[in-house]
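Q: what's the 3D shape of this:
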Amino acid sequence: MENAILVSAVIIAFALMVGFAAFGSAIGDGIIGSKAVESIARQPEARPNIFFFYFLGFGILEAFPIIAIALAFFLLIGGGGLGVMALLKPILPK
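A: Predicted structure coming up:
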């Protein structure tokens, strides 16, 4: 019984980590893109500088979901030494 609760908690945590990371990244990408377009519309002569900071912010923002996915897979596969994948083997399709 304890293993079933643990496995379900890890799977839910995995889904939440990946989902919130993707959702937050999508919102951030939209905000960064809209602000960059707005800034270029206000000051077209500053376009190269704006693009530099746009791509810098975009790159940093895209690092967070990658880190979250890596941590989620660590939680699922490693499970902090709990071996969740070993517990999931009997119910996974072959």
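Q: contacts, neighbours, all on C-alpha from now
A: OK.
Q: In the protein, spot the helix with the most residues.
A: As assigned by DSSP state H, the longest helix anywhere in the chain is helix 2-42.
Q: Mind checking what helix or strand follows it in sequence?
A: Sequence order places helix 47-73 as the next helix or strand after helix 2-42, per DSSP states H and E.
Q: and residue 7, how many neighbours?
A: 19 (other CA atoms under 10 Å).
Q: To clarify, my last question referred to residue 78.
A: Number of residues near residue 78 (other CA under 10 Å) recorded here: 15.
Q: Tell me how far residue 39 lies from residue 73.
A: Separation of residue 39 from residue 73 (CA to CA, to the nearest Å): 38 Å.
Q: Kindly report the same for residue 12.
A: According to CA to CA, residue 12 and residue 73 sit 12 Å apart.
Q: Which of the two has more residues huddled nearby?
A: The neighbour count for residue 12 versus residue 73, taken as other CA under 10 Å, is higher for residue 73 (15 against 11).
Q: How about the contacts made by the more buried one?
A: Taking CA atoms under 8 Å, 6 or more residues apart in numbering, we find residue 73 in contact with residue 14.
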